[in-house]
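Participant: this one's sequence-less:
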């Protein structure tokens, strides 16, 4: 049977729908059949639209897993669900239609797991003098391992291997005959040039979207352990790394959790006794609570004991924090199981929990940390207890700044070989309102707000410093006229182009020129994401580029970049920094001009980009001396930027306007996107790094569409 014209186009569109359905199923996102697809496909007897306007399958659903999702997302019940969601969103304080689809934090650059100990579950022979990980005898003992897991690491490899299937058999599982007799090449031959172009563009959009949304393979704890044991035994001992062989029984088992995790061979889960598990938590999430909570994994309720360790309420107003520990005895628990008892006790959520407050993220992850596990074997006379130190995102909140003002970032000190530029003190959240201190290699840069009291001054020798700069009395940066320059408070002056390191990338900063040093430290995680996820095939447009921090990070991953800014002085610093990193500038461009003007030009020229980054100042004066503000003009800016995004690409929107809450900012961006006629989904919210703690909502909002 041969299909031509509209029928053939219907098959082509249906194929593109299948591509989207396949991708959406893999990411557990509901799908909706495109109306145009139903209209054409009904002509060839595949699917029809019901009298109520909803889409239904006439003969057979494409497959059970696809069919259920399609019908549930397009039937009458979906309308009722959307209405209920809207009413619930009013109670929750945000628009639930803008809930991001991706929640997990990224692993921190340079932070690796640590081996803490092991438990001998079963000895096949007496082997007290055995080598690490295996026995000197012919049979090895069986062990459970206790590992310190960093946040952002998964237990097992997250990317599944795809099974190869016969194309014809696979088609038979999806379609009824006679469609199974056609593959993609057959259909393309039937289409006109216009129809073929439409189908290929739909296919490319689906492929691009899938590529951008899938991170590079997340690091796996089991794979790390396999390599560790192999290295420690000089290759004499290996362990299986698959999920069929191991169970993460207790502790930090989820991606966002940190601390001790107990890994046990599945065959021997019943042969060990978990005597005690202790989980530390930071409670205080703006009264946002998580509703859906994990039940105990063993069917019976587990007694969890809550202990309040410290309360932080001085100068924090409504954003009070509680440092607490939750423990269980003679029962294995994971970090997620302590959320409900903690919420019940404090009537507040875990800080940073994206499932409690998906937009108002006050930390990069939910702050749960398994601090210790004690376990023993039921078959052998062996026991093990391991303790994990608190990570950087805990210590920055728990540190006593009154006693040691400059010791709150131990994980980002000069011993960190990957990063030498970070925030040392962040004003009020650290107990010193209006006193902000950044470190750039061996120099400090202090910003004192107008009217703020002088904060603690550092000791150059004790802090391994060469000099300290201060910028006095910060005034409104939207005012016209030159701003005062920073002055050297003590020590020796820094080089004009001071080289600092961030996640292994080199940047230039200038400490003695003006308020902006040339590198915004609160965007460190976003630059790390670009460095880890871009590649040579990608093209990035960086609007309001300043000194090109985003561009340099993407370029270090091989992407080509276009940097757009109204200040030529800042743009001139981009090429120098790229050469500092050993990059050739031939694949990169800088445009001096107004972003509103140039976004329209680029769109008309057909210049499209995989990622378009829009990070404007709160208010500014354009090239034509016309003042604009983010509160008034963000929808128009988002609309222009959307027109430059490739099908399946990403739009990054960011603001540092502290008086604009994140829900309002998301609504403004979404308004501009909808006015463009394009369909985008809010993919993720990117919080500020942990060395920028806040009281209340974070002042910098980063949204990825």
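Facilitator: Sure thing, it's come through. Keep in mind that this is a model prediction, so the values were computed, not measured. Residues are numbered from 1 along each chain as shown.

Participant: what strand or helix carries the closest residue to residue 675 other than its chain neighbours?
Facilitator: Closest residue to residue 675 apart from its sequence neighbours, by CB to CB, 6 or more residues apart in numbering: residue 639 at 4.9 Å. For the C-beta atoms, the positions are set from N, CA and C on the backbone; glycine is no exception. Under the criterion of DSSP states H and E, residue 639 resides in helix 630-642.

Participant: can you check the pLDDT for the residue nearest to residue 675?
Facilitator: Residue 639 carries a pLDDT score of 94 in this model.

Participant: which non-adjacent residue is nearest the spatially most central residue of the chain?
Facilitator: What sits nearest the mean C-alpha location of the chain, by CA atoms, centre = their mean, is residue 105, with 4.3 Å. Nearest non-adjacent residue to residue 105, counting by CB to CB, 6+ apart: residue 365, 4.0 Å away.

Participant: so how far is stretch 439-459 from its chain's centroid?
Facilitator: 30 Å (CA atoms, centre = their mean, to the nearest Å).

Participant: likewise for stretch 630-647?
Facilitator: Using CA atoms, centre = their mean, the offset of stretch 630-647 from its chain centre is 22 Å.

Participant: and that stretch, what's buried?
Facilitator: 630, 633-646 (16 or more other CB atoms under 10 Å).

Participant: ok, now stretch 574-594?
Facilitator: Neighbour count says stretch 574-594 has 574, 577, 578, 583, 588, 590, 591, 592, 594 buried, by 16+ other CB under 10 Å.

Participant: worst-scoring helix or strand of the protein, pLDDT-wise?
Facilitator: helix 64-74 (a mean of 29; mean pLDDT, DSSP states H and E).

Participant: tell me who's in contact with residue 491.
Facilitator: Contacts of residue 491 were listed using CB atoms under 8 Å, 6 or more residues apart in numbering, and they are 443, 460, 465, 466, 467, 468.

Participant: low-scoring stretches of the stretch 201-350 of the chain, by residue?
Facilitator: Within the stretch 201-350 of the chain, the stretches with pLDDT under 70 are 201-216, 235, 241, 292-300, 314.

Participant: show me where it has strands.
Facilitator: 246-251, 258-265, 272-283, 305-312, 321-329 (DSSP state E, counting those that start in this stretch).

Participant: same check on the stretch 501-650 of the chain?
Facilitator: Under DSSP E, counting those that start in this stretch, the stretch 501-650 of the chain gives strands at 505-509, 539-543, 560-565, 588-592, 609-614, 619-621, 627-629, 645-655.

Participant: save those strands as a markdown table, and put in mean pLDDT and distance to residue 276 too.
Facilitator: Compiled in a markdown table, the strands of the stretch 501-650 of the chain are given as follows (pLDDT from 0 to 100; distance: least, CB to CB, whole Å):
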| stretch | mean pLDDT | distance to residue 276 |
| --- | --- | --- |
| strand 505-509 | 96 | 42 |
| strand 539-543 | 95 | 49 |
| strand 560-565 | 94 | 52 |
| strand 588-592 | 93 | 55 |
| strand 609-614 | 95 | 47 |
| strand 619-621 | 73 | 55 |
| strand 627-629 | 78 | 55 |
| strand 645-655 | 93 | 44 |
